[in-house]
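Undergrad: next come a sequence and a model predicted from it.
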Amino acid sequence: MRKKIVAGNWKMHGSPESVTSLCEGLVNGVNASAPECALIVFPPFVYLSQVQAALAGAQVHLGAQNVSQFDEGAYTGEISINMLKASGCEYVLIGHSERRHVFGETLETVVAKFKQAKQMGLTPILCVGETLEEREADKTSTVLAAQLQSVCEALPGDTTVFDGAVIAYEPVWAIGTGKSATPEQAQAVHAQIRQFLTEIGQINANSVSVLYGGSVKSDNAAQLFEQPDIDGALVGGASLDADQFMRIASCNKSS
Ligand code: PGA
């Protein structure tokens, strides 16, 4: 069963005060009119406990923006899956384009993190997407196929690798640029992702939720969500404004 989701990636934004008011806005929004989709927020690590407390009882799930591929040990600066679970996280972003392109996270590391999350019971949201150069060179489907294929290769013979996982298609050229993919461009890639999952032998390919991310705002969300293979959005900038985030969520109807 494909789940409808609207997720907010707060990136490296916020102060204790702004996080308090953002959470208040979300709680008020959910209480005023509960959206038909699941809501998830991804605050910076240091605010996870604060957000968990502020959202207690509200229908908003918690996730982390990154995780270590290791269990525990001498890994200065890293955060483990168990630490995230103890802070109330149910989800984790894996391979966000800023991790890949700004911090040089390799395909190998992304795959190790995905595997770790899957095996230790935290739902991975695997971010995939092409750069502008790759799109212009007509390499979008090859790049996405490699990003998905590598995850399957890390779990050989497992035809349920993506069961319960979420994929976020985020074209790198659309992130934080104000230049969203058109609904048709996004739909075409989402359909390819689903097709590709079937080809690589995922038995439940049609039940994987595939979100779109990249300059989603309240004024373009509805058209994106109307597309048959778009199950929701991973929202960056617009998720820092509770009203706008709730307006986006209200466009994601359950049928
Ligand atoms: P944006 O970011 O909505 O600000 O483009 C999306 C993301 O990076 O997840």
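TA: Arrived safely. Numbering: from 1, shown residues only.
Undergrad: next, Val189: secondary structure please.
TA: Secondary structure state of Val189, per DSSP: H, G, I helix; E, B strand; the rest coil, is helix.
Undergrad: and it, what does it touch?
TA: By Cβ atoms under 8 Å, 6 or more residues apart in numbering, Val189 lies in contact with Thr140, Ser141, Leu144, Tyr169, Pro171, Ala181. All C-beta atoms are positioned from the backbone trio N, CA, C, and that covers glycine.
Undergrad: can you list phi and psi of Leu126 for me?
TA: Backbone geometry at Leu126, expressed as degrees, to the nearest 10, gives phi -80, psi 120.
Undergrad: if we can go back for a sec, which of the contacts of Val189 lies closest to the ligand?
TA: Looking at the contacts of Val189 and their distance to the ligand, the nearest is Pro171, at 9.7 Å (Cβ to the nearest ligand atom).
Undergrad: can you tell me which residues contact the nearest residue to the closest one once chain neighbours are set aside?
TA: Once flanking residues are discounted, Pro171 sits nearest to Gly129: 4.8 Å by Cβ to Cβ, 6 or more residues apart in numbering. Residues in contact with Gly129 (Cβ under 8 Å, 6+ apart) are Ser97, Val143, Leu144, Tyr169, Glu170, Pro171, Val172, Ile175, Gly213, Gly214.
Undergrad: try it again with 7 Å
TA: Going by Cβ atoms under 7 Å, 6 or more residues apart in numbering, Gly129 touches Ser97, Tyr169, Glu170, Pro171, Val172.
Undergrad: against the ligand, how distant is it?
TA: Going from Gly129 to the ligand by Cβ to the nearest ligand atom, to the nearest Å gives 9 Å.
Undergrad: Gly29 too?
TA: Gly29 is 18 Å from the ligand, where distance means Cβ to the nearest ligand atom.
Undergrad: now that residue. Nearest residue, chain neighbours left out?
TA: Residue nearest to Gly29 in three dimensions, not counting chain neighbours: Met246, with 3.7 Å by Cβ to Cβ, 6+ apart.
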